[in-house]
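Chemist: Show me how the following folds:
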Amino acid sequence: MKQHFQNLVDEEEATIDLTPMLDVVFIMLIFFIVTASFVKESGIDVNRPEAATAVKKERANILVAISDKGEIWINKRRIDTRAVQANIERLHAENPQGTVVIQADKKATTEVLIKVMDSARAAGVFDVSIAAQEP
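Modeler: Numbers count the residues shown, from 1 in each chain. Presented below is the predicted three-dimensional model:
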């Protein structure tokens, strides 16, 4: 009888309960997912002009890039000038607190820049910024 009881005690000591460790790992996973900041890209690299008064914008959710050839890019897709307003409206509906940041190349024409700004304002977003590089 004593031998049988000793075998039961040995079996209980040999098992390790992993539930508390899995709970901690799961909570850490949720914490990292919630606190992660996701970087949004417009789709192309833009050679931005320098500005001495450039200020970092924290809540820039809608990024619009204008290439040196006048191409407009939103969310890694090339957009026609006539579709800019609809795309900005859709992105603004997903996040009403977001702002529009236009990343225009140094060699982009002001005509395209003004069209994009007008489209953003027509879409109901009045907080429009132009991206610049700090010197």
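
Chemist: Can you name the residues that contact residue 88?
Modeler: 62, 64, 74, 100, 119, 120, 123, 125 (C-beta atoms under 8 Å, 6 or more residues apart in numbering). Placement of C-beta: from N, CA and C, glycine included.

Chemist: What helix or strand is it located in?
Modeler: Element membership of residue 88, judged by DSSP states H and E, is helix 84-94.

Chemist: For the contacts of residue 88, work out which two are farthest apart.
Modeler: Using C-beta to C-beta, these span at most 12.7 Å, a distance reached by 74 and 125.

Chemist: Quick one: the helices in this protein, in order.
Modeler: Using DSSP state H, the helices found in the chain span residues 2-14, 19-35, 84-94, 110-122.

Chemist: domains for this protein, by residue range?
Modeler: Domain segmentation of the chain under automatic domain parsing yields 2-35, 60-130.

Chemist: Would you mind measuring from residue 101 to residue 30?
Modeler: Going from residue 101 to residue 30 by C-beta to C-beta, to the nearest Å gives 30 Å.

Chemist: For the two, indicate the residue with more neighbours.
Modeler: The neighbour comparison of residue 101 against residue 30 (other C-beta atoms under 10 Å) goes to residue 101, with 21 against 10.

Chemist: In this structure that one contacts residue 66, no?
Modeler: No: applying C-beta atoms under 8 Å, one finds residue 101 not in contact with residue 66, separated by 11.5 Å.

Chemist: What residues of the helix holding residue 88 count as buried?
Modeler: By neighbour count with 16 or more other C-beta atoms under 10 Å, helix 84-94 contains the buried residues 84, 85, 87, 88, 91, 92.

Chemist: Please apply the same query to stretch 124-135.
Modeler: For stretch 124-135, by 16+ other C-beta under 10 Å, it's 125, 128, 130, 131, 132.
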